[in-house]
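Undergrad: kindly generate the corresponding structure for this input.
(2 chains)
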Amino acid sequence: MNDGMHTVDVRGLTKVFGAGEGAVEALRGVDLQVARGEFVAVMGPSGSGKSTLLYLIGALDTPTAGTVCIDGVDLSRMDDNGLALLRRQRIGFIFQAFNLLDVLTAEENVSLPLVIDGVSEVEAGRRAAESLGLVGMSGRRHHLPGQLSGGEQQRLAIARALVTRPLLLLADEPTGNLDSANSDQIMRLLCSLAEEHGQTILMVTHDARWAAAANRVIRLRDGRVADEQTLPAARAYPQVVRELESQL
Amino acid sequence: MSPSRLPTLWRYSLRQTQRRPARAVLTLLGIVIGVATIVAVSVTTQAARRAYREMFEALTGRASLEVVAEAMAGFEAEQAQELMSLPLVMAAVPLIQKPAALVTSSGPIPVTVLGIDADRDRAARDYELEQGHFIGEEPGVLLGHEFASTHGIALGATVRLLTISGLVEAPVVGLLQSSGAARFHGGAVVFMALSQAQRHFDLAGKVNSVQLVLADGAEIGQAEAAIRKRLNVGQTVRVPSDRGQLAQDSLLNIEQILAVLSVVSMVAGAFVILNAFQMNLAERRRQFAILRALGATRLQVTSLLLREAAAYGVAGTALGIAAGMAISLSLTGGMERLLGTAVPSPALTLEPLALAILLGPAMTLLATFGPARRAGRRAPIDDLLGKTPPAGTKMPRRWAAAGLVLITACGLIDMAFIRGWLTPALGRLLLPAAMVLGLAGSVLALGVVLGPLMRLVGAILGPLFGIEGRLAVRQLRRHASRTALTVGALMVAIVITIGPGNEIRSALDNLHAWFDNVAGANFHVLGADTDLGFSLNIVSLPESLGDELAQLDGVERVDRGNWFPVRAGGRQALLIAATYSPDRPEQLNPAKGNPPGVMERLALGEVVIGTALAQSLQLDVGDELELATSKGPRKLRVAGKCNQYHAGGMTVHMQREAAGKWFDLEGAHVFSITADKDKASTLASELKAFCRQRGLLLHSREQLRRNMDRRSAGTIGFLWVLMALVFVVASLGIANTLTMNVLEQTRELGLLRAIGMRRNQVRKMVLAQASAIALASAIPGVVLGIVLAYMMNLPAEWLTGHRPPFEIHLWLLAAALAVTLCVAVVAAIIPADRAARLRIVPALHYE
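TA: All right, here's what the predicted structure looks like:
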C-alpha cells in the first residue's frame, strides 16, 4: 500500500525480458521509496537493472510484476494516454545520450514538452527561455544541438526536463557521455536543483563520485537492492567518494 | 508565414524534410506522378469530349434543335417556313452544312462550308466582321480571321473549294472575328450565301439543315415532339451536339486504356510513397521515442506523421495538377492527331480538380496511415535505447492477408466479366478498379512469397556475384518489408509495361492487319484527310471523277466508297457503303463465327455490322437491324459481323449499290484504285498529276498506313512515356532502399573492410543487391504482366464485341527485363560508391 508520502513508491518490482529459456530477469522484486525533495542515486554494475528500474518508474516501460506509484498514483491503473500525460506533466527525463531533436534549436527543444502539452507557443517560448537561464544556456538558445558541446547538450536536456516543473526528475547516467569537467558542471547543477529548489531526483549512475552528491545511494546487484546508504548532507565530494570507493 | 513563425512541431517536420531532400522529392514524385496522370487523362478526355459539344454549340449558336435528313441529305428549303409556324419555335434558320476541301498550294485542307441565309441567320448566330463586308447574293465567302491568317489567305484573295461540283472559286469578301460559328471545326469554316452553296453542292432549292431557335420558356422535349409530327420521311429532329456521339464511341477504347494506366500509376505512386515513408519513419524512430518520453500521446505522434503526409499530399497534388495540365497539352496534341480535328485547349474543370484534390491527399494518407499508426503505438523504450532491430525487418502479416483479399476481389470481378454478369457500362467502370485491386494485392501479398523468391534469386546470383551476392541477398532478406515494397514498386512498373504494353502492341498489330485487309487497293483518292468519328471531313466528289480515273493507263479497277453517320437501332453508327467483292471477304475483316455466304447476302442488300455495334445492340447474325434511312426506318437482316477500327467498331457495312436505294448518296467520298500488275509505279505519277490538277488528295496504301500510325503515335507515345515515368520513380525507390541499406550496414561494411574486403567488393555487393531487387521484381512482374495483359484482353469481347487474339510479345518481355536491370544498376551507382568510400574507423563506431 502506498502511504501517500512518497513521490516514488515501488513495491515488488519485477521485469523479465524475453520468454522461455532465453528469458532474462532484469529486476527481481525491488522495493524502493523516494520522498519529496529527496536526491537518490541508484548504483550498480552493468546489467544490474538500474536503468530498467528508472524506465519503469518513468512510465516508459511496464513491469512484469509489482507496482509503481508516482505521487500516490498507481501506474498500472493508467492507460497509455494517462501515462503519456504523467510523463509530460510530472516527470522530467535526463538521458545519457541527451536525446535532443537535432533539427530543433535549443529553445525549441526545451519548449517541446510544453508545446506537446498544448501550451501556447509564446508562453512555451517564455518558459523555455527561463529554463535555459536556469542552466546558464541563455546565450545559446538559437543554437542547434549539433553546434553545442556535450556538456551544453546535457544542460539543455536538463533545461528541457525542468521546463514543465516536474514532480520528479529521472536522470539516467547523466554524465556518462561527458568528460570530467563537464560532468562536474552537470552534477553541480543537479545538486543545486535538489538543494535550492527541493527538486526530487532519482539518478542512475555507475560512478561513485557522482552518487556522492545524493542524499541516499541504493545499490542494485542482479536485479535486487543489495544495499542502501543514506549520506549526511553538506559533505564535500572527495570525502564521500573515498568512503564509497572503499566499499566497492 | 516564415519558417521561424511556424508552430514548433511544424518547424520540426519542415526541417526534418529539408534534411532528406532526395527522399522528400521521391515521396512527392510518387504523388505527382499519380495525380498528374489522373489529371492529364481526365482533362484531355474532357477536352476531347468538350470538342464535340463546343464545336456544335458554336455552330448552332442560339438554336436548340435542328432538323436534318438521314445522311445529311438535302430537303426542300420551304420546310423552314412551315416549322416557323409552330408556336414553340421563334426562328427556323435554313442552312447548308457540307464538308469541302480548301485547295491550297500545300494540299487540300478540310473545311465545313456553311451556306447561310444572310437575313435570317442572325436569329441563330452572331457574326463580328473584322475586315471587309458581309456576304450577299453575289459570289464571295467569309473566313475566320485566324484561319485565314494561318493559311496565308488575305481579304480579296480568291479561294478554291473542292465540292461535289468540282473545283469552284470565290473571292474572300470578309474576315470574321474568331468567335461563334467561326470557331466551328477549329475555325475551318467557309461561309457563303445559301444560294451559292445550293449551286456548288447540287442542292437547288434545298437545304440540309434547319436550325430552330425556341421561344422563351419552351421546353426542348415538348418542342421536339411537336416538330417531329411535321417531319417528312427520312428526317429527324435532334439536339445538334448529338452528332458527337459517334466520335465519343470511337474514343472509348483509348479512354479505357488511359483510365487503366492512370489508376495503375496511382497505385505505383502509392507504393513509392509507402516505401519512402517507411524509411523516413525507420530513421526517425528514436525521435518519436523522445517525443513519447516527453509525454506525447500515441495519437499525437500519429497525428504529427499524418500531418506531414497530408502536407506532402497537398504539395504533391498541387504539383501533380500543374504537371498534369502540362502533360495534357501534349496529350491533347496527340488526341488532335488521332481525331483529325481541333480539340480545345485543356481546361482544369471541377471534375479533374476534385478528383485530384480527393485522390492526391487520400492516396498519401492511405499509404501512410498504417506506418504512422504503428509509429505512434511503438513502445518508446527500445527505440530510445536503440535496441530494436533495423527497420523493415518483418513484413506485417496483415499486409499479406489484405493482399490476398484484394487479389480475391480482383478475381471475383474478372469472373463476373467472364460470366457476363456485368453490363458493358459497369464493366468499363470496374475494369480499372479490378486491376488496381489485383496489383495492390499482389504487392501486399509479396511477403508470402518473398522468402522463397529471395532464395531463388540468391541461387541465381550466387554464381555471378560470389560471396558479395550471398551477403547482398542476406541483407535484403533481413529487411523483408522494405525489400518487398521496393520489389513491389519495381514490379508494378514491370507489370504496367508488360500488361498495357503487350496489349498496345497487339492492338497495333491487329490494326495493321485490319488495315491490310480493308485498304486493299493500291491508291485512294479523297477530297481531304478524314477525321475520326465527327465525319466533318467527308468531302463528296463527283461520280464522274471515277470514270476519269478509270481511263488512266494502268488502272485495273476503281471502287467507289461512301461513309456517313446513321442511326442504327437507336445508336449513332457509321455506315460504310463500298463495293465489296465476293472473292475478297477479308475486305470486311470478318469476325470469327460468321456463316458462309456473307458476301453473297451482302450483295442481296443485307448488312454486316461492326462487333461493337452488335454488342451494343445485342444483335447476332440473322437478326434484323433497324436503320433510319432517307426513306424512313428500314429493317435489314444482319448477314455477318466484322472487326472494325472505324468509329470504334460502331459500323454498318452495305454494298454501295444497295445503300443507294436507302440513302441519297451525293457523289463518292473515296475512289479506291487497284493498279494493273507491274504498273503501280507509273500509275502513281499519273495519279499525282491528275490529283494536283483537280485539288484532290492522293494516298497510296503505304501513305495511308503511315498516316494511321502518325495519328496514333501521339497517344501511344504518351502511354510509353507514362510507363517510363513509373520506371523512373521505381528506380528512385531502389536508390532510396539501397541508400538506407548502406546506412544501416555501415558498421558491418566497416567490419568487412577491416577484415580485408576491398572497395570494389563493397561496390559489387551493393550492385548485387540492386540486381537481386531487379530479379526479384522481374520474376513475379513478368508473370503478373502477362496476367494483366490477359485481363485487359479478356473483357474487350464484352466491351467492344471484338477481342484481339491474345499473344505475348517476347521482345517486350526481354525489353522490360533489360530496362529493369539497367534501372536497378543505375540506381545503385551512388549508394554503391558511398558504401565503397566509407572510412573504416568511423564506420566501426557508427550507431
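Undergrad: which parts of chain A sit against chain B?
TA: Selection of chain A residues close to chain B by Cβ under 8 Å from any Cβ of the partner chain yields A:55, A:58, A:60-61, A:80-81, A:84-89, A:93, A:95, A:99-101, A:103-104, A:108, A:111-113, A:115-117, A:121, A:124, A:160, A:164. Using the backbone N, CA and C atoms, a C-beta is placed for each residue, glycine as well.
Undergrad: and those, which of them are in helices?
TA: Among the residues of chain A next to chain B, the ones falling in helices (DSSP state H) are A:55, A:80-81, A:84-89, A:108, A:111-113, A:115-116, A:121, A:124, A:160.
Undergrad: those residues of chain B touching chain A, which are they?
TA: B:7-9, B:11-12, B:15-16, B:19, B:286-287, B:290-300, B:379-381, B:384.
Undergrad: I'd assumed B:Leu161 was in a strand, is it?
TA: Yes - according to DSSP: H, G, I helix; E, B strand; the rest coil, B:Leu161 belongs to a strand.
Undergrad: in the chain, where is pLDDT below threshold?
TA: This is for chain A. Scanning chain A for pLDDT under 70 picks out the ranges A:1-5, A:233-248.
Undergrad: nope, chain B
TA: Using pLDDT under 70, chain B drops low at B:1-5, B:244-250, B:253, B:339-341, B:386-396, B:424, B:531-537, B:795-802, B:845-847.
Undergrad: residue of it nearest chain A, please.
TA: Closest to chain A within chain B is B:Gly295: 2.2 Å, counting by Cβ to the nearest Cβ.
Undergrad: and the residues of chain B next to chain A, which are buried?
TA: Burial by neighbour count, judged by 16 or more other Cβ atoms under 10 Å in any protein chain shown, picks out B:8-9, B:11-12, B:15-16, B:286-287, B:290-298, B:300, B:380-381, B:384 from the residues of chain B next to chain A.
Undergrad: stretch B:275-295: end-to-end distance?
TA: 28 Å (Cα to Cα, to the nearest Å).
Undergrad: inside helices: which ones of the residues of chain B next to chain A?
TA: Residues of the residues of chain B next to chain A located in helices (DSSP H): B:8-9, B:11-12, B:15-16, B:19, B:286-287, B:290-293, B:298-300, B:380-381, B:384.
Undergrad: quick one: the strands in chain A, in order.
TA: Using DSSP state E, the strands of chain A run over A:6-17, A:24-35, A:39-43, A:65-70, A:73-74, A:91-94, A:168-172, A:200-204, A:216-221, A:224-230.
Undergrad: including mean neighbour count, could these go into a markdown table?
TA: Listed next are these as a markdown table, based on neighbours: other Cβ atoms under 10 Å in any protein chain shown:
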| stretch | mean neighbour count |
| --- | --- |
| strand A:6-17 | 19 |
| strand A:24-35 | 18 |
| strand A:39-43 | 26 |
| strand A:65-70 | 20 |
| strand A:73-74 | 14 |
| strand A:91-94 | 26 |
| strand A:168-172 | 25 |
| strand A:200-204 | 26 |
| strand A:216-221 | 21 |
| strand A:224-230 | 14 |
